[in-house]
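# here is my input, please return the structure:
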Amino acid sequence: MRRRSFLRVAGATAATSALVLAGCDDTEPTVQSPFLNVGKGDGGVFNYFLLLEQLEAAFYQKVVDAPPADFIAGDLAYFTDLRDHEVIHREFFNHVLGANRFGTMEFDFSSVNFTSRSSVLAAAKTIEDIGVAAYNGAISLLVQPVYLALLAKIASVEARHAALVRDLAQPSLVQSTAFAGADVVEATGTFAGLERALTPTQVIAATAQFYKIPVIVSDLPTS
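Next up is the predicted model:
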């Protein structure tokens, strides 16, 4: 099971920031406002990334808590590792933001049939593909470069998550939607061979079905 072996190594690499978990607060208050404004500047960008990592961690936690009956051998182990990675990523942003973090969002997963392997994989594919594109589109918005190396490492792990989920959903790599298809990696033109990037506005629109309250990213820098 080489794919899972990689995930465990990747998780161990991410966990080199283990100090992140030391300050984890299990009693983080939930967001009670009628909307969430992630803010502006570098803090806003980090809150934006925190929101996405909360979404991923919450999704995988639901899968691990009650996996579909038609999961095949190895699926639950993969999703457990994915959950663990996303929790590490989430707590990294909690640690960096400190008192400037927005709290815990509650998500709407009613569009996902958690009793169906295909529905869970389809949702995971959407979440992971958008997550990678979100990092590609927003890392450059940061002014302070101190965390760029760590963010690049998180983004690369997210990309491997996306590739794994695509492989599980569609094992045949000859399919255009498998592994790293033309829907996520440009096949022609100036950006051929490069992963797509999405702006925060595009990302929030693409994940809107998962939010119980509106998410505002209009105060983030655009360049």
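
# and the longest helix for the protein?
As assigned by DSSP state H, the longest helix anywhere in the chain is helix 41-65.

# mean confidence for it?
In this model, helix 41-65 has an average pLDDT of 97.

# so which bits of it are buried?
For helix 41-65, burial by neighbour count (16 or more other Cβ atoms under 10 Å) applies to 42, 44-60, 62-63. (C-beta placed from N, C-alpha, C; glycine too.)

# can you give me the strands for this protein?
36-37, 215-216 (DSSP state E).

# make a markdown table out of those and add mean neighbour count.
Shown next, in a markdown table, are the strands of the chain (neighbours: other Cβ atoms under 10 Å):
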| stretch | mean neighbour count |
| --- | --- |
| strand 36-37 | 18 |
| strand 215-216 | 18 |
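
# correct me, but residue 115 touches residue 68?
Yes. With contacts counted by Cβ atoms under 8 Å, residue 115 reaches residue 68, the gap being 5.4 Å.

# who has more neighbours out of those two?
Taking other Cβ atoms under 10 Å, residue 115 and residue 68 do not tie; residue 68 has more neighbours (19 against 12).

# circling back: mean pLDDT and distance to residue 124 added to the strands of the chain, as CSV?
Listed next are these as CSV, based on pLDDT from 0 to 100; distance: least, Cβ to Cβ, whole Å:
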stretch, mean pLDDT, distance to residue 124
strand 36-37, 94, 23
strand 215-216, 96, 20
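
# so what's the closest residue to residue 123 other than its chain neighbours up against?
With sequence-adjacent residues excluded and distances taken as Cβ to Cβ, 6 or more residues apart in numbering, residue 123 is closest to residue 112, at 4.5 Å. Neighbour list for residue 112: 59, 119-120, 123 [criterion: Cβ atoms under 8 Å, 6 or more residues apart in numbering].

# low-confidence stretches in the chain?
The chain contains residues with pLDDT under 70 at 1-32, 171-182, 186-188, 191-193.

# roughly how far apart are the residue located most distally from the centre of it and residue 196?
Largest separation from the mean C-alpha position in the chain: residue 189, at 27.5 Å (Cα atoms, centre = their mean). Going from residue 189 to residue 196 by Cβ to Cβ, to the nearest Å gives 12 Å.

# now do residue 36
25 Å.

# ok, now residue 139?
Distance from residue 139 to residue 196, by Cβ to Cβ: 14 Å.

# and if you look at residue 159?
Separation of residue 159 from residue 196 (Cβ to Cβ): 11 Å.

# who has more neighbours, these two?
Between residue 159 and residue 196, counted using other Cβ under 10 Å, the more crowded position is residue 159 (20 against 17).

# wait, the more buried one touches residue 134, no?
No. In this structure, residue 159 is not within contact of residue 134 by Cβ under 8 Å, at 11.6 Å.

# residue 51 against residue 36, yeah?
Yes. Using Cβ under 8 Å, residue 51 is in contact with residue 36, at 7.3 Å.

# burial measure for the nearest residue to residue 219 once chain neighbours are set aside, as a count.
Among residues not flanking residue 219 along the chain, residue 40 sits closest, at 4.0 Å (Cβ to Cβ, 6+ apart). Residue 40 has 14 neighbouring residues, counting by other Cβ under 10 Å.
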